[in-house]
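Q: any chance you could fold what I've pasted below:
(chains A and B)
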Amino acid sequence: MGRKNILSLLILAGVILALPLGLGNSYYLNVLVFVGIYSLITIGLSLLMGYTGQISLGHAAFFGLGAYTSGVLSTKFGVSPWLALLAGIFVTGGIAFLIAAPALKLKGHYLAMATLAFGYIVFIVFNQASSLTGGPSGFGQIPRFRLGNFLLRSDVHYYYLVWTLVIVVLLVSLNIIHSRVGRALRSIHEGELTANIMGVNTAKYKIQVFVLSAVYASLAGSLYAHFITFLNPTPFGFHFSIVLVAMVAVGGMASVWGAMIGAALLTILPEYLRAFQDYDILIYGSILLLIMMFLPQGLFAGILRLIKKER
Amino acid sequence: MLTIRNLRSYYGRMQALKGVSLHVEEGEIVALIGANGAGKTTLLNSIVGLVPSLTGQILFLNADITHQSPREIIRMGVSLVPEGRQLFAPLTVMENLTLGAYQRYRRKEKSKIKSDLDTIFERFPVLKERRSQVAGTLSGGEQQMLAIGRALMSGPKFLLLDEPSMGLAPLIAAHIFQIISQLHQQGTTILLVEQNAAAAFKVSNRTYVIETGRVVLQGASEELLHNQEVKRAYLGREYKEVWE
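A: Numbering: from 1, shown residues only, chains lettered A, B, ... in the order given. Below is the predicted model:
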């Protein structure tokens, strides 16, 4: 996995542990919970897009499928949130597997279109299956997680839960990236035909990494559902799929660290820009534009280059 | 080692190979020459299983590999150095080489892979020097060496080379041909596709001349070197008189 990555993980773990001590205000913690939830999705997207070179404009749907499976099962059928989270992973992973086989035969824009259409279908289902999902107005009173008899109540509890899972997902992903499989994924990105003549089973790996990224998104969705305790379709629409892709692009496609930086920036930035009131979206857009113009490889690669120059 | 019988390959409705038969014996180096669009690359791609629609028969070591997947064929000991090198440009030299041995990691041949890597570094010292450099930044000749090295990392019994001299300066192309001869002398069986007919004749034992999807000539390379038919196959029927 590399000494640098282990060191970075340890530093991250330390920062995560220490941050709540410095941030008394629960508003910041709330934002950081969201950063963690979105990081789970963007880490998967970075595996899929940055490493394997397959575009998805439908990941908000997987996020939503996890959230709704978890929310509906625990609220309407009394399933424990943990089991509901697992069920969400299986349901979402299964659906991802079914659409992966035909969709991943497509390339580039066509794959983007197919995943986009899938996202729309799921969004429509959330809106229309109102007996289960409550339709456009949604449903609430989703139970929170419990650890034994201990109910996870506050933002701090969720902060630690979410970020522990982020570390686990990071560990798994970094292990994949720095293995034979990781090299195979990157070879698919560079040239599927050549990857084939190295003996890489390109079709299988594309499906596997797609399902894995969907499972990460589903996990994030379940955490979201049991954190917010209320679900409606709006956060899982097309717009959020685009935001997710933007997070990965701004942070830096070909790095899970970049994906996290992107998730953090695009979650925290709008909060700070609220001070500019009506102009916030203009400033937000300009910042993204500048980053993509001057750091096309993303923030992470840009920062690394700056550090190297300083030395 | 390799026997091809009446191979026909199609791209959609377009037929690229119209009944090619050829064979390569163990320890031989056989050249395949022909003009652009004759079907040379299609033939190589068909052998390694990259062309999905084909009829006829391809036998490798007496096993039928006609409709096998590329990874099964590679596992049996066939390795292709593709046209235009097709390196993984943003990956390092080392990563490219390890990807060449991709199939063998599963079989836990780590120590054998390591010794093969050392052999390749001995043969191409420049690759060792640049092992952590990104493949896209190598010169043309170095890239071709890396492409050959990558193909050798799968431990092949049979090596397919698709226009290894393409786009290289004459001196560097000559060096590449020297390497091919060395590989042959050390026991690798080779099927070499080339545009540079003169060089291909020199390095090979036998040659097949292919024209619009058919084998039009075959024989010992020395004999074909002075054959007028070869020139016709390259320049087309109408130019025959002009040439002669």
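
Q: show residues contacting the helix ranked longest in chain B.
A: Ordering each helix of chain B by length in residues (DSSP state H) puts helix B:170-185 first. Outside helix B:170-185, the residues that touch it by C-beta atoms under 8 Å, 6 or more residues apart in numbering or on different chains are B:29, B:123, B:140-141, B:144-145, B:148, B:152, B:159, B:161, B:164-165, B:168, B:190, B:192, B:196, B:199, B:202-203. In short, each C-beta sits where N, CA and C put it, glycine included.

Q: next, give phi and psi for the residue nearest to A:Leu23 when sequence neighbours are not counted.
A: Excluding the flanking residues, the one nearest A:Leu23 by C-beta to C-beta, 6 or more residues apart in numbering or on different chains is A:Leu29, at 6.0 Å. Backbone geometry at A:Leu29, expressed as degrees, to the nearest 10, gives phi -60, psi -40.

Q: dump the residue contacts of A:Leu29.
A: For A:Leu29, counting by C-beta under 8 Å, 6+ apart, the contacting residues are A:Pro20, A:Leu23, A:Asp155, A:Val156, A:Tyr159.

Q: which of the residues you listed has the most neighbours?
A: Taking other C-beta atoms under 10 Å in any protein chain shown as the neighbour criterion, A:Tyr159 ranks highest of these with 23 neighbours.

Q: and which of the contacts of A:Leu29 is nearest to chain B?
A: For the contacts of A:Leu29, the minimum distance to chain B (C-beta to the nearest C-beta) is 36.4 Å, reached by A:Tyr159.

Q: quick one: name the residues of the stretch 101-250 of chain A near chain B.
A: A:180, A:183-184, A:186-187, A:190-191, A:193-201 (C-beta under 8 Å from any C-beta of the partner chain).

Q: now those: which count as buried?
A: When burial is judged by neighbour count using 16 or more other C-beta atoms under 10 Å in any protein chain shown, the buried members of these are A:180, A:183-184, A:186-187, A:190-191, A:194-201.

Q: quick check: the farthest pair among the residues you listed?
A: Of all pairs drawn from those, the widest gap by C-beta to C-beta lies between A:Arg180 and A:Gly191 and measures 17.7 Å.

Q: what pairs with the spatially most central residue of chain B across the strands?
A: The centre of chain B sits closest to B:Leu161, judged by C-alpha atoms, centre = their mean, with a distance of 1.6 Å. Beta bridges link B:Leu161 to B:Val81, B:Leu192 when assigned by DSSP bridges.

Q: ok, now which ones touch it?
A: Under the criterion of C-beta under 8 Å, 6+ apart, the contact list for B:Leu161 reads B:Val81, B:Ile148, B:Ile180, B:Ile190, B:Leu191, B:Leu192, B:Val193.

Q: quick check, nearest of those to chain A?
A: Using C-beta to the nearest C-beta, the shortest approach to chain A within these belongs to B:Val81, at 9.3 Å.

Q: my guess is that closest one meets B:Met145, correct?
A: No. Using C-beta atoms under 8 Å, B:Val81 makes no contact with B:Met145, being 10.3 Å away.

Q: tally of neighbours for A:Pro81?
A: As a burial measure, the neighbour count of A:Pro81 was computed by other C-beta under 10 Å and equals 22.

Q: just give the nearest non-adjacent residue to the residue in the stretch 201-311 of chain A positioned nearest to chain B, would you?
A: Across the stretch 201-311 of chain A, the shortest distance to chain B (C-beta to the nearest C-beta) belongs to A:Asn201, at 5.9 Å. Once flanking residues are discounted, A:Asn201 sits nearest to B:Arg71: 5.9 Å by C-beta to C-beta, 6+ apart.

Q: that neighbour contacts B:Ser79, doesn't it?
A: No. Counting by C-beta under 8 Å, no contact exists between B:Arg71 and B:Ser79, whose distance comes to 11.9 Å.

Q: flag every buried residue along whatever helix or strand A:Leu219 lives in.
A: Following DSSP states H and E, the helix or strand that holds A:Leu219 is helix A:202-228. Neighbour counts over helix A:202-228 (16+ other C-beta under 10 Å) mark A:202-203, A:205-228 as buried.
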